[in-house]
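Novice: fold the following for me, if possible:
(chains A and B)
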There are 2 protein chains.
Amino acid sequence: MDLHILDHKLRVTSITKTGLQQYTHPLIKLIFLRNRTRCKFFSLTETPENYTVVLDEEGFKELKPSEHLQVEGSTWFPLNVVSNGNASSSSQAVGVTKIAKSVIAPLAEQHVSVFMLSTYQTDFILVREKDLSVVVETLLEEFNIFREEGGESVPVHSQDACNGLQRNVHPVLIPENQFCVMSLDPDTLPAIATTLIDVLFYSNRYESCCCCKLLFPYACSIVTIVFVFSFLLLSGELWRMVRIGGQPLGFDECGIVAQISQPLADSDISAYYISTFSFDHALPYIGYVYTVLGRLLTNCSPLLM
Amino acid sequence: MDLHILDHKLRVTSITKTGLQQYTHPLIKLIFLRNRTRCKFFSLTETPENYTVVLDEEGFKELKPSEHLQVEGSTWFPLNVVSNGNASSSSQAVGVTKIAKSVIAPLAEQHVSVFMLSTYQTDFILVREKDLSVVVETLLEEFNIFREEGGESVPVHSQDACNGLQRNVHPVLIPENQFCVMSLDPDTLPAIATTLIDVLFYSNRYESCCCCKLLFPYACSIVTIVFVFSFLLLSGELWRMVRIGGQPLGFDECGIVAQISQPLADSDISAYYISTFSFDHALPYIGYVYTVLGRLLTNCSPLLM
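Specialist: From the prediction side, this is the model:
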């Protein structure tokens, strides 16, 4: 399989709930008026705690500093696994499950923190710029690695670095909400603009833990929307959510995605995975939520309800 | 003819150009998400100087005080002239011309300041609450006056008050832009939401004097949009603009609308009329702009270009 290091320098930021009004102007520009910005990678995820905005440096310029904006200090690069058409290596599993053993587990063993953004079609594994050499060293065994530079894919060869292993076990929480994962052609976005603006900027619907996400990755060729089910009567697959962490997780701990994705991979259960500023979220397909729960409990993660 | 005093207590406010970002959240709510507010009368007019927002008390609650928001101290009531189907009294003229002699001139003679908002279908003459008794006294000769109260029209009878006359002559300015006046069914608004949001909140297109206006008056039954012609390729009638005032006009002077509307009425030229926080704007139909100019110059208003 091929692994691509994409040509986007990303920042991971968080906007407080009360700060949303102040950032409505730049966010609507980034979501709906993409001709007006050079931002090529944008993701907005709402959780009960805050809004997590992941965006490239062009997009980041739109967000004026304020007490309501928190910015993680590093520059992150998105990695993307591409199956190269070899039937024997292709898997039916989607989301984090597909890359659990080949990417997530080896990076966790090397103490590399990852920030996951699953989309409808693919998964982005964000790693810090400073960790890139370890990432390349760790994954070269399993992957042909390419670095995207100005539209070209340049093969990457061995470099150096290594470290040990230590892992916390985090409690998980499974809210009752059902989630809908959809993909949209960006051209259809204007048609649902007022509905999306309403849901994103004007609803106060978050009583329990849930998540609302818009993602425009990789040159804006596709939009993924994850919604709490009851709010949009659009067709789409139904998923449940497992939130990882009783306290905010921070960015430095590694192995969190591995803790969830490995038991899922062992049972061959597909799941989306969305990291946010405070917590991680795995979205298994709705019928599998209790199987996931069983697997995680076996793995000694206490359950919060 | 009938004159209705509508049941909307209005505030006249101004938002600075640099303050727009800060008010994007409430303005988008008032324009596009009217189910979320109880505001029944809303008008937004952009000029090179600022944004003039006229809205009822429910809408006014959405605008948080700040250094960027200026509020005229009075409560204003909109008057609306209704032709009562009598063919002999109906006129072909539209806009301010139709009411120049019957409403505008008599009020000017009584020193009553008016704030004009022409729409595609009708004209609203805003007067201050404290002037209502003079307005009724002055116009009872020509009109049957009704006050709308909770959906009912209650006939109004004579009251009292009177005063004298004095008039400044203001310079006028005729920018080259062409304007498009359109009416829209509010249900079609979502379909052009991203285009409107783009024009209203993200364009920097105002090099010379012009004006961009959205109006949702009287229970939101119709939306009037006045646009600089070149920005929306929608069909509509073409108008030019005559801006009145070299210096900001203020709210206390009366007779300004009369100064423009009387010569137009004398020539039977239709024109929309839009008051804003700083200046007044008459929009005669495109072919008549030089006739209007001639009439105004005869009336001794110096011309600014």
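Novice: please count neighbours and contacts with C-alpha atoms only from this point.
Specialist: Noted.
Novice: need the contact list for A:Phe146.
Specialist: Going by C-alpha atoms under 8 Å, 6 or more residues apart in numbering or on different chains, A:Phe146 touches A:Asp2, A:Leu3, A:His4, A:Ile5, A:Ser153, A:Val154, A:Pro155, A:Val156.
Novice: which phi and psi does the first one have?
Specialist: Main-chain torsions, A:Asp2, degrees, to the nearest 10: phi -100, psi 140.
Novice: make a ChimeraX selection of the buried ones in the contacts of A:Phe146.
Specialist: Of the contacts of A:Phe146, the buried ones can be selected in ChimeraX as follows, counting by 16 or more other C-alpha atoms under 10 Å in any protein chain shown:
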select /A:3,4,5,156
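Novice: tell me the one of the contacts of A:Phe146 nearest A:Val112?
Specialist: A:Ile5 (15.3 Å; C-alpha to C-alpha).
Novice: and the closest one, what pLDDT?
Specialist: pLDDT for A:Ile5: 92.
Novice: return the distance of it relative to chain B.
Specialist: Between A:Ile5 and chain B the computed distance is 33 Å (C-alpha to the nearest C-alpha, to the nearest Å).
Novice: and that residue, how far is that from A:Asp56?
Specialist: From A:Ile5 across to A:Asp56, the span is 14 Å (C-alpha to C-alpha, to the nearest Å).
Novice: repeat for A:Leu20
Specialist: Remark: distance between A:Leu20 and A:Asp56 (C-alpha to C-alpha) = 20 Å.
Novice: which of these two has more neighbours?
Specialist: Comparing A:Leu20 with A:Asp56 by other C-alpha atoms under 10 Å in any protein chain shown, the one with more neighbours is A:Asp56, at 23 against 19.
Novice: just give the closest residue to that one, not the sequence neighbours.
Specialist: Spatial nearest neighbour of A:Asp56, chain neighbours left out: A:Leu10 (4.2 Å); criterion: C-alpha to C-alpha, 6 or more residues apart in numbering or on different chains.
Novice: list the beta-bridge partners for that neighbour.
Specialist: Judged by DSSP bridges, the bridge partners of A:Leu10 are A:Asp56, A:Trp76.
Novice: likewise A:Arg147?
Specialist: The partner residues for A:Arg147, given DSSP bridges, come to A:Ile5, A:Val154.
Novice: quick check: pLDDT value at it.
Specialist: 89.
Novice: wait, it sits on A:His157?
Specialist: No - A:Arg147 is beyond contact range of A:His157, at 10.2 Å (criterion: C-alpha atoms under 8 Å).
Novice: who has more neighbours out of the two?
Specialist: More crowded of A:Arg147 and A:His157, by other C-alpha under 10 Å: A:Arg147, with 17 against 12.
Novice: mind listing what the more buried one touches?
Specialist: A:His4, A:Ile5, A:Leu6, A:Asp7, A:Ser153, A:Val154, A:Pro155, A:Val156.
Novice: can you tell me the closest non-neighbouring residue to the fourth one?
Specialist: What that stands for is A:Asp7. Using C-alpha to C-alpha, 6+ apart and skipping the chain neighbours, the partner closest in space to A:Asp7 is A:Glu148 (5.2 Å).
Novice: how about the residue nearest the centre of chain A, secondary structure?
Specialist: The centre of chain A sits closest to A:Leu117, judged by C-alpha atoms, centre = their mean, with a distance of 1.5 Å. A:Leu117 falls in the strand class when you classify it by DSSP: H, G, I helix; E, B strand; the rest coil.
Novice: that one: what's it in contact with?
Specialist: Shown in contact with A:Leu117 (C-alpha under 8 Å, 6+ apart): A:Asp123, A:Phe124, A:Ile125, A:Leu126, A:Tyr273, A:Ile274, A:Ser275.
Novice: show the pLDDT at the residue lying closest to A:Lys101 once chain neighbours are set aside.
Specialist: Nearest residue to A:Lys101, sequence neighbours excluded (C-alpha to C-alpha, 6+ apart): A:Gln262, at 6.8 Å. As predicted, A:Gln262 sits at a pLDDT of 82.
Novice: repeat for A:Pro26
Specialist: For A:Pro26, the model assigns a pLDDT of 93.
Novice: doesn't it lie inside a helix?
Specialist: Yes - looking at A:Pro26 with three-state DSSP, it is inside a helix.
Novice: hmm, back to that, so the residue nearest to the centre of chain A bridges to which residues?
Specialist: A:Phe124, A:Ile274.
Novice: ok so, going back, need the contact list for the residue nearest to A:Asp7.
Specialist: Residues near A:Glu148 by C-alpha under 8 Å, 6+ apart: A:His4, A:Ile5, A:Leu6, A:Asp7, A:Val154.
Novice: mind running it again at 10 Å?
Specialist: A:His4, A:Ile5, A:Leu6, A:Asp7, A:His8, A:Val154, A:Pro155, A:Val156 (C-alpha atoms under 10 Å, 6 or more residues apart in numbering or on different chains).
Novice: for these, which one is nearest B:Leu30?
Specialist: Of all the contacts of A:Glu148, B:Leu30 sits closest to A:His8, with 36.7 Å by C-alpha to C-alpha.
Novice: any idea how far A:Val169 is from A:Ile269?
Specialist: Separation of A:Ile269 from A:Val169 (C-alpha to C-alpha) stands at 21 Å.
Novice: one more: A:Leu3?
Specialist: Separation of A:Leu3 from A:Val169 (C-alpha to C-alpha) stands at 29 Å.
Novice: and if you look at A:Phe32?
Specialist: Distance, A:Phe32 to A:Val169, by C-alpha to C-alpha: 40 Å.
Novice: and what of A:Tyr272?
Specialist: 20 Å.
Novice: give me the more crowded residue out of those two.
Specialist: Neighbour count, other C-alpha under 10 Å: between A:Tyr272 and A:Val169, A:Tyr272 has more, with 25 against 14.
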